[in-house]
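Asks: sequence below, structure please.
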Amino acid sequence: MTKRKPSLFPLLLLISFASVFAALFTPALPQMAASMGVSNQTAQLTMTVFLVGYALGYLPYGPLANRWGRKPTLYLGIFIAILGCLLAVVAATYRSFGMLLFARFVAKQPFVCKFALLP
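Replies: Numbers count the residues shown, from 1 in each chain. This next block holds a predicted model:
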C-alpha cells in the first residue's frame, strides 16, 4: 500500500490565507473602531490578538497531529476557524468588541494547523 502525498494546492491556499486574513483586515480598522465604539488604538488589539493566537496556536497541533493524524488535525483546525469566523459575524452584529477579539484569536486556527501536515 502506497502513501499518498498531501496535495500541494490546499497547502498553498492555507499558507496564503494567513497573510490575507491579517492584511485584509487592516484597512478596515478605523471603520471597525467607529462601528464598535472604541478608539483606533483599542481596535488595533484585534491584530495583536490574532498574532498572539498565531504564535501560541502552534503548541497543541504537534501533539494532536501525532495522536490523531495530520488530516484530522487539519480538519479540526479548519472547523474551529469556521466557528471563529461565524463568531466574528455575531460580534459585528451585536457590536461586541470582546467577542470580536476572541473570534480573531480562534479564527487563526487553519493558519497554524497547516504545519501539522508537513512531515
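Asks: how about the host helix or strand of Q31: buried residues?
Replies: Assessed by DSSP states H and E, Q31 sits inside helix 29-36. Under the neighbour-count criterion of 16 or more other CB atoms under 10 Å, helix 29-36 has M32, A33, M36 buried. In short, each C-beta sits where N, CA and C put it, glycine included.
Asks: enumerate every residue touching the second one.
Replies: A33 makes contact with S39, N40, T42, A43, according to CB atoms under 8 Å, 6 or more residues apart in numbering.
Asks: check the first one too.
Replies: If you count contacts by CB under 8 Å, 6+ apart, M32 has them with A43, T46.
Asks: could you point out which element follows the helix holding Q31?
Replies: helix 40-43.
Asks: buried stuff in that next one?
Replies: Buried positions in helix 40-43, judged by neighbour count with 16+ other CB under 10 Å: A43.
Asks: which strands and helices sit next to that helix?
Replies: Helices and strands touching helix 40-43, by 3 or more CB pairs under 8 Å, 6 or more residues apart in numbering; DSSP states H and E, are helix 29-36.
Asks: and the helix it packs on, what's its mean pLDDT?
Replies: The pLDDT scores in helix 29-36 average 93.
Asks: which regions of this protein lie under the pLDDT threshold?
Replies: The chain contains residues with pLDDT under 70 at 1-2, 6, 114-119.
Asks: middle-most residue in it, spatially?
Replies: Relative to the mean C-alpha position of the chain, the nearest C-alpha, by CA atoms, centre = their mean, is the one of K108, at 1.3 Å.
Asks: list the residues that contact it.
Replies: A18, F21, F50, G53, Y54, G57, A81, G84.
Asks: so it versus R4, what's the distance?
Replies: Per CB to CB, to the nearest Å, K108 is found 28 Å from R4.
Asks: with L24 instead?
Replies: Noted for L24: a distance of 33 Å to R4, by CB to CB.
Asks: go on, Q41?
Replies: Remark: distance between Q41 and R4 (CB to CB) = 49 Å.
Asks: before we move on, what about S35?
Replies: The spacing between S35 and R4, counted by CB to CB, is 46 Å.
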